[in-house]
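Undergrad: Following is a predicted model, sequence given first.
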Amino acid sequence: MPSGNWTALVSAVLLSIVSLAAPRVEAAGFPERAITIVVPFPAGSTSDTIPRLVAPVMSKSLGVPVIIENRGGANGSIGAARVASSVADGYTLLLATTGVLAINQWIYEKPAYHPESDFAPISNAASTPNVIVVHPSVKAGTLKELVSLAKAEPGTLTFASAGDGSTSHLCGETLKALEGVDIVHIPYQGPARAIQDVLAGRVSMICDNLSNVVQQVQGGTLKPIVVTASAPSQQLPDVPTSAQAGEPDLLAGIWYGFVAPAATPRDVIEILNKAIVEALRDPSVSNHLEALGLTVIADQPDHFGAFIASESARMEAIVKRAKARIAN
C-alpha cells in the first residue's frame with residue numbers, strides 16, 4: 001500500500017476512535033460546575049418540592065451545587081421550551097410532569113416544544129393519583145350521589161382546576177363525558193388558589209393530585225368522593241377507587257420525572273440517573289414524598305422513555321374526548 005494511503009487510513013481510524021470516545025471523555029469530567037434544575041411551575045407546588053428535596057442529596061454525591069430555577073407559565077411550556085433549547089451537556093435539566101410530557105402537545109394548537117424529540121429521559125421520580133373532593137356543603141358522599149346531584153341540577157355544580165390542560169381539568173372533563181353531566185369548569189393558574197376556593201365553598205369540587213389535598217381530607221375540611229386510580233391509596237384507604245365506585249375509566253393522576261435536552265450524551269444521562277435515583281431512595285427524601293401521598297418510582301432512562309410514549313398516546317385520546325384545546 002502506498003505510504004500516502006497508509007497514512008490516510010491510520011488517520012481515519014484514529015479520528016474514528018476519538019469520535020467514539022468523545023462522549024466518555026465528557027462524562028469522565030462531568031460534572032465540573034453547577035447543575036440547574038428548571039421547574040416549569042411556581043414555587044410551593046409538588047413539582048417544586050421534589051427537586052428541592054432531591055437537590056441537596058444530588059449535590060453531595062456529585063460534588064457540585066444543584067440549583068432550582070422556577071420558570072412558570074403556559075402549563076409548564078415556558079420552562080420546558082427553555083430546557084429544550086439549552087446546551088445538551090447535562091448542566092440544565094427539567095422537572096417535567098404529565099402535562100409537560102404527555103398533554104401539552106395535544107392541548108396547544110402550536111406546541112412550544114416536542115417532548116419525544118426534544119428531551120432525553122433520565123428518571124421517572126414519583127407519581128400520585130388524583131382525588132375528587134368536594135366542599136362539605138355539597139350533598140353527596142359517593143360518586144353515584146355526585147352524578148345524581150349533577151343531573152338533577154345541571155349547570156349548578158362547579159369544578160376547579162389548576163388550569164386548562166392540567167390533569168385536574170381533564171379529570172373533570174372525563175367525568176362529564178363518561179356520565180353525561182353538566183358541571184361548569186373554573187380554571188385557575190395553579191392548584192393552590194383552586195383548592196383555596198373549594199375550601200371556601202366558592203367552587204363545588206376539584207379533582208386534584210392526592211398530594212395537594214390529602215391533608216385537607218384527613219383534617220375533614222374537604223370531603224373525598226373517589227380516588228381516580230385502579231389501586232387503593234395508602235394514605236386514604238377508605239376512599240373507593242374509580243372501579244369500586246362504578247366508573248373504571250375515570251382515571252387521572254400525575255407523575256413527575258427528570259429529563260435533559262435530547263442530545264445529552266448517554267454517559268452523562270447515566271451519571272445523572274444514578275445521582276437522582278440514589279437521592280429519591282434516600283430516606284430523607286422518600287419518607288417526605290410518601291408522607292405527601294407520592295409513590296417513589298426512581299426508574300431507568302429507557303423505562304421512563306417507553307412510559308412517556310405510552311402516556312402520551314393515552315392522554316391524546318383523553319384530550320380528544322374532552323375536546324380540550326388552547327389557542328396560542
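TA: All right, it came through fine. These numbers come from a predicted model, not from an experiment. Residues are numbered from 1 along each chain as shown.
Undergrad: Please enumerate the helices of the stretch 101-250 of the chain.
TA: Taking DSSP state H, counting those that start in this stretch as the test, the helices found in the stretch 101-250 of the chain are 104-107, 115-118, 143-152, 167-179, 191-199, 210-219.
Undergrad: Quick check, pLDDT for Arg325.
TA: What the model reports as pLDDT for Arg325 is 80.
Undergrad: List the contacts of it.
TA: Shown here is Arg325, whose contacts under the criterion C-beta atoms under 8 Å, 6 or more residues apart in numbering are Ile107, Glu109, Val319. Every residue, glycine included, has its C-beta placed from N, CA and C.
Undergrad: From the residues you listed, list just the buried residues.
TA: Ile107, Val319 (16 or more other C-beta atoms under 10 Å).
Undergrad: Now pLDDT too, for the contacts of Arg325, in a markdown table please.
TA: Rendered in a markdown table, the data for the contacts of Arg325 read as follows (pLDDT from 0 to 100):
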| residue | pLDDT |
| --- | --- |
| Ile107 | 91 |
| Glu109 | 90 |
| Val319 | 89 |
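Undergrad: Rebuild the contacts of Arg325 as TSV, extending it with distance to Val133.
TA: What follows is the contacts of Arg325, written out as TSV (distance: C-beta to C-beta, whole Å):
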residue	distance to Val133
Ile107	24
Glu109	32
Val319	23
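Undergrad: What lies in contact with stretch 290-298?
TA: When contacts are defined by C-beta under 8 Å, 6+ apart, stretch 290-298 is touched by residues 46, 49-50, 123-128, 209-211, 214, 233, 235, 255-256, 276-277, 280-281, 285-286, 289.
Undergrad: Buried only: go through these for me.
TA: When the contacts of stretch 290-298 are checked for burial by 16+ other C-beta under 10 Å, the buried set is 46, 49-50, 123-128, 209-211, 214, 233, 235, 255-256, 276-277, 280, 285-286, 289.
Undergrad: Tell me which of these fall in strands.
TA: The members of the buried ones among the contacts of stretch 290-298 that map onto strands under DSSP state E are Ser123, Asn124, Ala125, Ala126, Ser127, Thr128, Asn209, Trp255, Tyr256.
Undergrad: Just the mean pLDDT for the one helix or strand Asp267 maps to, thanks.
TA: Using DSSP states H and E, Asp267 maps to helix 266-281. Regarding helix 266-281, the rounded mean pLDDT is 98.
Undergrad: How about residues contacting that helix?
TA: Here helix 266-281 has contacts from 23-24, 26-27, 30-31, 53-54, 57-58, 61-62, 89-90, 93, 120, 122-123, 125-126, 258, 260, 285-286, 289, 296-301, using C-beta under 8 Å, 6+ apart.
Undergrad: which residues sit in contact with Met117?
TA: Heads up, residue 117 is Ser, not Met. Contacts of Ser117 were listed using C-beta under 8 Å, 6+ apart, and they are Ala262.
Undergrad: Can you check the pLDDT for it?
TA: If you check Ser117, the pLDDT there is 95.
Undergrad: Next one: it relative to Asn124, how far apart?
TA: Note on Ser117: its distance to Asn124, by C-beta to C-beta, to the nearest Å, is 19 Å.
Undergrad: Val268 too?
TA: Taking C-beta to C-beta as the criterion, Val268 is separated from Asn124 by 18 Å.
Undergrad: Gly29 now?
TA: Distance, Gly29 to Asn124, using C-beta to C-beta: 28 Å.
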